[in-house]
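>>> Sharing a model prediction with you, sequence too.
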Amino acid sequence: MKNTFGQSLTVTLFGESHGPYIGAVLDGLAPGIDIDEEFIKHQLDLRRPAGKISTKRVEQDEYIIASGAFNGKTTGTPLSILIPNSVQKSADYENSPRIARPGHADFTANEKYHGFEDFRGGGHFSGRITAAVVAAGAVVIPALKKKGILIGTHIKSCGGISDRGFEDYAKDIESLSKTNFPILDEKKAADIREMMEQTASEGDSVGGVLETVITGMPTGVGEPWFDTVEGILAHAMYSIPAIKGVQFGDAFDMVDKKGSEYNDAFRMEGDRVVTLTNHNGGINGGITNGMPILFRCAVKPTPSIYKKQESIELNSRKDADLEIIGRHDPAIIHRARIVVDSMTALAVYDMLAVRYGTDWFLKG
C-alpha cells in the first residue's frame, strides 16, 4: 500500500481510525522554516466536529512533533507528527457482523488485503486520517504565506443552496481562515446549516461542492506533460476521502461555449501580464500564468447513514441488510474544506520546490 505523495517534498500518512496513533512524515522540507504550533492547533480546530451537523466523535488532536524540528524551526530532516486517538469506540465494529457499508472502502479493502485490514471505523481509509493531513499542511501554509501565496476554500454549494463566489480574494481568504463553517454569504450559511440539521434528523446525509483559490503563485510553475499543475492538484484532491470530481476554472460550465467566449485575453497591467477573464483558472498548458488558480471539488454525501441499506456479509458472501451504529457526520463538506486547503498547500509547496529548489523558501 503506497501512502506517499510528492516529489521534492514527500508526505507519508500512517495509522488507522481506531489505532493508538495517526500521523504524517514530511521529508524534503527546507531547514529553518518556522513551526507555528498555535497555527497547527488552529487548523486542527477548523477540522474538528461541531454540533448537530457533525459526528459525536470529538478528538482533542493533541499532536506531537516527534522529529525534524529544533528550537521552533525545521531542521531539514524528516519531520514526523503523531496524533493520538483517544475516544475510539471499537466495540461498535468488533461486535457486529462484517457487513460492507455501501459507499465505503470495506469491500474493496477486503479484496485488496484479504481480510487482514483493520476494519474498525474504516481503518486506514477513514476520514480520521485527514487530521494528519491538516497538521502537515499547517507546517507549510505559513511558509507559503511568507512568499505571498494564499489559499482559501469555501462551500460553493450544498443541498441545492449556493454561496457567492470569491470577490476580494485576500479579504475572503482571511475571513474563511477564521471560521469552521466556510461560507462567504452569512445568510446562505444559516440556510445551509439548517438544511444539514434537517438532513441529520432524517438519518441521511448530504454532499456539495468546494471552491478553492490560490493567489500569489509565480508564473511558469508546472511540468508538462505528466506533472502539470492540474495533474498534481487533482492527484492531491483525489487522495481525500469523499472527493469524486475536480474542475479547474470554468471547465464543465463552459464546454458548450465557443473559443471566443472561453479564451482568456492577455493584456498588460503596468509591467505585469494579466488576463481579462480567468475561465482557465490561472493555468495554460499545465503551467501557471500568474492569475489566481481556481478549482472546485465535488464532495459526495457521507456514506454512513442511519437508513437501512442492502449489502453483503463479507465473510460468508451472502446478502445482508445493514443498519449502522456508531458516530457519523450527516455532512463532511464543512470539515473537508480545511483538508482541501492543507493538501493544496502540500502540493503547491512541492511544485515550487521542484521548480526553484528547496532553499527557495529561505530566500527573501
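Arrived safely, thanks for sending.
>>> Show me what the longest helix seen in the chain packs onto, helices and strands only.
When the chain is parsed with DSSP state H, its longest helix is helix 333-356. With contacts taken as 3 or more CB pairs under 8 Å, 6 or more residues apart in numbering; DSSP states H and E, helix 333-356 sits against helix 37-47, helix 130-146, strand 150-158, strand 208-215, helix 229-238, strand 293-299. No exception for glycine: its C-beta is placed from N, CA and C like everyone else's.
>>> tell me how far that helix is from the chain's mean position?
Chain-centre distance of helix 333-356: 8 Å, with CA atoms, centre = their mean, to the nearest Å.
>>> Likewise for stretch 193-209?
20 Å.
>>> Repeat that for stretch 165-178.
18 Å.
>>> Please identify the buried residues of it?
Buried residues in stretch 165-178, counted by 16 or more other CB atoms under 10 Å: Phe166, Tyr169, Asp172, Ile173, Leu176, Ser177.
>>> residue ranges of the helices in the stretch 1-150 of the chain, please?
37-47, 91-94, 106-113, 130-146 (DSSP state H, counting those that start in this stretch).
>>> show me what contacts Lys272?
Just to correct that, residue 272 is Arg rather than Lys. By CB atoms under 8 Å, 6 or more residues apart in numbering, the residues touching Arg272 are Gly290.
>>> On the strand side of things, show who it bridges to.
Glu269 (DSSP bridges).
>>> And it, how close does it get to Phe116?
56 Å (CB to CB, to the nearest Å).
>>> What is the burial count for the closest residue to Phe5 other than its chain neighbours?
What sits nearest to Phe5 in space, not counting adjacent residues and going by CB to CB, 6 or more residues apart in numbering, is Val11, at 5.1 Å. Number of residues near Val11 (other CB atoms under 10 Å) recorded here: 27.
>>> Val11 against Ala24, yeah?
Yes: with contact defined as CB atoms under 8 Å, Val11 counts as touching Ala24 (5.9 Å).
>>> and for those two, which residues touch both?
Common neighbours of Val11 and Ala24 (CB under 8 Å, 6+ apart) are Val133, Ala136.
>>> Just give me the neighbour total for the closest residue to Arg335 other than its chain neighbours.
Spatial nearest neighbour of Arg335, excluding adjacent residues (CB to CB, 6+ apart): Arg47 at 5.4 Å. Burial of Arg47 is recorded as 24 neighbouring residues (other CB under 10 Å).
>>> Could you do Thr275 as well?
18.
>>> what does Ser201 give?
10.
>>> what's the angle from the longest helix of the chain to strand 293-299?
140 degrees (axes from the mean of the first three to the mean of the last three CA atoms, to 10 degrees).
>>> okay, the angle between helix 333-356 and helix 37-47?
140 degrees.
>>> Restrict helix 333-356 to CA atoms and write it as CSV.
As requested, the backbone C-alpha atoms of helix 333-356 are provided in CSV (Å, rounded to 0.1, in the frame of the first residue of the first chain):
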residue,chain,number,x,y,z
ILE,A,333,-18.1,19.2,3.4
HIS,A,334,-17.5,21.9,6.0
ARG,A,335,-14.8,19.8,7.7
ALA,A,336,-13.3,18.7,4.3
ARG,A,337,-12.6,22.4,3.5
ILE,A,338,-9.5,22.5,5.7
VAL,A,339,-8.3,19.2,4.4
VAL,A,340,-8.5,20.6,0.8
ASP,A,341,-6.6,23.7,1.9
SER,A,342,-3.9,21.5,3.5
MET,A,343,-3.5,19.1,0.6
THR,A,344,-3.4,22.1,-1.7
ALA,A,345,-0.6,23.7,0.3
LEU,A,346,1.4,20.5,0.3
ALA,A,347,1.0,20.1,-3.4
VAL,A,348,1.9,23.8,-4.1
TYR,A,349,5.0,23.6,-1.8
ASP,A,350,6.2,20.5,-3.7
MET,A,351,5.7,22.1,-7.1
LEU,A,352,7.5,25.2,-6.1
ALA,A,353,10.4,23.2,-4.6
VAL,A,354,10.6,21.2,-7.9
ARG,A,355,10.7,24.5,-9.9
TYR,A,356,13.1,26.6,-7.7
